[in-house]
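# quick one: sequence and predicted model below, then my questions.
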Amino acid sequence: MSKKIDPSRSIVYLTAAAVAVILLIFLYATNTDTGSRSSQKVRRESYRLGTIVRITLYGDDSEKLNKAVDLSMKEIGRLEDLLSVNIPSSDVSRLNRASGKYRVKVSEETGFLLERALEWSERTEGTFDPTIGKIVKLWGIGTESTAIPDPKQLKQAVQLTDFKKVSVVHEEGGTFVQTAKGQRIDLGGIAKGYVTDKVRALLINEGVSSALIDLGGNIAVLGSSPKSEKWKLGLQHPFRARGEYFGITEVTDVSVVTSGPYERYFESGGVRYHHIFDPLTGYPAQSDLASVTIIGTDSTDADALSTSLFVMGFERSISLLQELKNIEAVLVSKKPEGTIVYVTQGISDAFILKDHDMKKEPAVQ
Ligand code: ADP
Ligand code: MG
């Protein structure tokens, strides 16, 4: 069996098949160091949440920026300690050890995030499901024990994947979660978005007005870029080497999140198995989409949506996007007539296609 896994897999993973990817390239970096409107730039990088986390702040008060970046890193560590499936003392691990036996008191934040995840499960007809943990664990993509699971075990894991069996209650004594016997929670499809939102809120609170938060491809930009008004973010080309982009989005004050099958996978018998699963089959989702980018103000929503739209495929994604307000998307789909890039109307003018072998079309009329 040949394996092809991201070399950064030796780092601590947030989820069994967490990612360590940078899906977006920051074009702003090419022209920032001279003529910037901000005199100071503070950048911190670390392995957190199973990925490379990079925080870059701009402003004029370096003391303030350094304090804010330190607090951001601490905040990421604090949330990882709550949400990681691989940290035995985390809320998620405690929940997974108690499944079907007793309800677990969790932090209000964990309860809140789990509720958000369950809401998206409902909204996406179960294509997003935080109870997917058993399936994720069986495949072990991104870990040393990656293998095609035994079909019988996979079938059991599929039966356990059911968001409707999770209850979250808020009482005077705290927040309590109960899961069904054998269920395993995995917040890998939404946690980075949540952490991104928390860091953004922290930075605003610390008086930072220009920042780029990058949690392994889960991006949020705060304010304007240091050089020009808009931040220019390149979107990773799904069929080309890392760092090659197919288009650029020009944005301010939003989160940009991409999901795709090309970043974390292994190959066996000439077949590629990636890390976004169809809860109905337990297998990597057979999507007609090659990448999904969601652009919106809330990174938690964007993260859950990028994962679920990939599972849903093009047609279902389009009808869901039509219902959603203030959420924009760039979908790449391989069709017999070539590779098509579908762009929702709200972002169309702010998206520049760079791969001219691809064809840009409106996603929602
Ligand atoms: P990335 O983490 O690469 O940015 P995603 O946000 O799409 O990608 O999340 C993928 C992770 O989400 C997987 O590693 C796994 O932990 C979890 N996951 C996989 N399939 C699903 C699914 N259908 N619903 C919810 N979570 C999922
Ligand atoms: Mg996601």
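Received, thanks. Residues are numbered from 1 along each chain as shown. Ligands and ions are numbered 1, 2, ... in the order given.

# tell me if the helix or strand where residue 200 lies is near ligand 2.
Using DSSP states H and E, residue 200 maps to helix 191-205. No - Helix 191-205 stays clear of ligand 2 (Cβ under 5 Å from the ion), getting no nearer than 6.5 Å. Heads up, the C-betas are built off the backbone N, CA and C, glycines and all.

# pull up the pairing partners for the following helix or strand past that helix, direction included.
Using DSSP H and E, the helix or strand that directly follows helix 191-205 along the chain is strand 210-215. The sheet places strand 210-215 alongside strand 51-59 (antiparallel), strand 218-222 (antiparallel), with pairing taken from DSSP bridges.

# how about the residue of the stretch 151-300 of the chain found nearest ligand 1, phi and psi?
Relative to ligand 1, the nearest point of the stretch 151-300 of the chain is residue 188 (2.5 Å; Cβ to the nearest ligand atom). Backbone torsions of residue 188, given as degrees, to the nearest 10, read phi -60, psi -20.

# now the nearest residue to residue 255 once chain neighbours are set aside: how far from residue 178?
Closest residue in space to residue 255, ignoring its immediate chain neighbours: residue 299 at 3.6 Å, by Cβ to Cβ, 6 or more residues apart in numbering. Relative to residue 178, residue 299 is positioned 28 Å away (Cβ to Cβ, to the nearest Å).

# higher neighbour count, these two?
Between residue 299 and residue 178, counted using other Cβ atoms under 10 Å, the more crowded position is residue 299 (28 against 18).

# so what's that one scoring on pLDDT?
Here the pLDDT value assigned to residue 299 is 98.

# which residues touch it?
Residue 299 makes contacts with 192, 193, 194, 196, 197, 200, 218, 220, 255, 257, as judged by Cβ atoms under 8 Å, 6 or more residues apart in numbering.

# can I get those residues in CSV with neighbour count, distance to residue 227 and pLDDT?
Converted to CSV, these look like this (neighbours: other Cβ atoms under 10 Å; distance: Cβ to Cβ, whole Å; pLDDT from 0 to 100):
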residue, neighbour count, distance to residue 227, pLDDT
192, 30, 27, 97
193, 29, 27, 98
194, 26, 30, 98
196, 26, 23, 98
197, 21, 25, 98
200, 22, 21, 98
218, 32, 23, 93
220, 25, 18, 97
255, 24, 21, 98
257, 29, 24, 97
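
# tell me who's in contact with the most centrally placed residue in the chain.
Central residue of the chain (Cα atoms, centre = their mean): residue 303, 4.2 Å from the mean position. For residue 303, the contact set (Cβ under 8 Å, 6+ apart) comprises 189, 190, 191, 192, 193, 194, 196, 218, 257, 294.

# how close does the fourth one sit to residue 80?
For residue 192, the distance to residue 80 equals 10 Å [Cβ to Cβ].

# what's the separation between residue 269 and residue 263?
From residue 269 to residue 263 the distance is 21 Å (Cβ to Cβ).

# give me the more crowded residue out of these two.
residue 263 (23 against 7).

# just give me the neighbour total for residue 180.
Neighbour count for residue 180, taken as other Cβ under 10 Å: 15.

# so what's it up against?
Applying Cβ under 8 Å, 6+ apart, the residues contacting residue 180 are 99, 100, 160, 162, 165, 166.

# skipping its backbone neighbours, what lies nearest the second one in space?
Excluding the flanking residues, the one nearest residue 100 by Cβ to Cβ, 6+ apart is residue 181, at 2.5 Å.

# hang on, the earlier thing: dihedrals phi and psi, the residue nearest to the centre of the chain?
Dihedral angles (degrees, to the nearest 10) for residue 303: phi -70, psi -50.

# who's in contact with the closest residue to it other than its chain neighbours?
Using Cβ to Cβ, 6+ apart and skipping the chain neighbours, the partner closest in space to residue 303 is residue 193 (2.7 Å). Residue 193 sits next to 218, 255, 257, 298, 299, 300, 301, 302, 303, 304 when contact means Cβ under 8 Å, 6+ apart.

# and those residues near ligand 2, which?
Answer for the contacts of residue 193 near ligand 2 (Cβ under 5 Å from the ion): residue 303.

# near ligand 1, which residues of the protein?
15, 17-19, 21, 127-130, 132, 136, 186, 188-189, 217, 259, 263, 275-277, 279, 303, 306-307, 311 (Cβ under 6 Å from any ligand atom).

# which parts of the stretch 151-300 of the chain are strands?
For the stretch 151-300 of the chain, the strands defined by DSSP state E, counting those that start in this stretch cover 167-171, 174-178, 210-215, 218-222, 231-236, 245-251, 255-259, 265-268, 271-274, 289-296.

# residue 344 is nearest to which of these?
Closest to residue 344 of these, according to Cβ to Cβ: strand 289-296, at 8.4 Å.

# that closest one to strand 245-251, inter-axis angle?
10 degrees (axes from the mean of the first three to the mean of the last three Cα atoms, to 10 degrees).

# run the chain-centre distance for strand 289-296.
10 Å (Cα atoms, centre = their mean, to the nearest Å).

# is it in proximity to ligand 2?
No - Strand 289-296 stays clear of ligand 2 (Cβ under 5 Å from the ion), getting no nearer than 8.6 Å.
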